[in-house]
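In: Below is the structure, and that's it, no one-letter string:
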């Protein structure tokens, strides 16, 4: 089964949210300034937010490479969260670029 991580999905008490809504509705749980930015971004019309979200999603790999070069930040390892991500096959190996690289080499 092919895995499609091209969009974010949030399921909460209010229903199912996708694209920019899924990301922005989680931002109030982050620390300053992200919580404020998320609330402000929700004021932008959905069609504009989703258009920008889809452009970002298509280019996130290149964007993240640039961010890592500028900030020196490393990769986020997703092994411990795998069970919380819907739609991932349990036994199939996932691409290292998704944060599922070799645990031994990524923790050093």
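Out: Received the coordinates, thanks. Treat the numbers as computed from the prediction; the structure is a model and nothing was measured. Residues are numbered from 1 along each chain as shown.
In: And residue 88, how far from residue 35?
Out: The gap separating residue 88 from residue 35 is 28 Å, by Cβ to Cβ, to the nearest Å. For every residue, glycine as well, the C-beta is placed using N, CA and C.
In: in the helix or strand residue 59 falls within, what counts as buried?
Out: Secondary structure assignment for residue 59, by DSSP states H and E: helix 46-71. Buried residues in helix 46-71, counted by 16 or more other Cβ atoms under 10 Å: 49-50, 53, 57.
In: and that helix, how far from the chain's centre?
Out: Relative to its parent chain, helix 46-71 has a centroid offset of 10 Å by Cα atoms, centre = their mean, to the nearest Å.
In: what about residue 20, neighbour count?
Out: Other residues near residue 20 come to 24 when the count uses other Cβ atoms under 10 Å.
In: can you confirm residue 10 is in a strand?
Out: Yes: according to DSSP: H, G, I helix; E, B strand; the rest coil, residue 10 belongs to a strand.
In: Spit out the contact partners of the nearest residue to it once chain neighbours are set aside.
Out: Leaving out its chain neighbours, the residue that sits closest to residue 10 by Cβ to Cβ, 6 or more residues apart in numbering is residue 22, at 3.8 Å. Residues near residue 22 by Cβ atoms under 8 Å, 6 or more residues apart in numbering: 7-10.
In: Residue 8 too?
Out: Here residue 8 is in contact with 18-19, 22-23 (criterion: Cβ under 8 Å, 6+ apart).
In: Just the buried ones from these, in PyMOL syntax?
Out: Entered in PyMOL, the line below selects the buried ones among these, by 16+ other Cβ under 10 Å:
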select buried, resi 19+22+23
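In: Could you list which of the contacts of residue 8 belong to strands?
Out: Counting by DSSP state E, the members of those that fall within strands are residue 18.
In: Tell me the one of the contacts of residue 8 nearest residue 45?
Out: For the contacts of residue 8, the residue nearest residue 45 by Cβ to Cβ is residue 19; the value is 13.0 Å.
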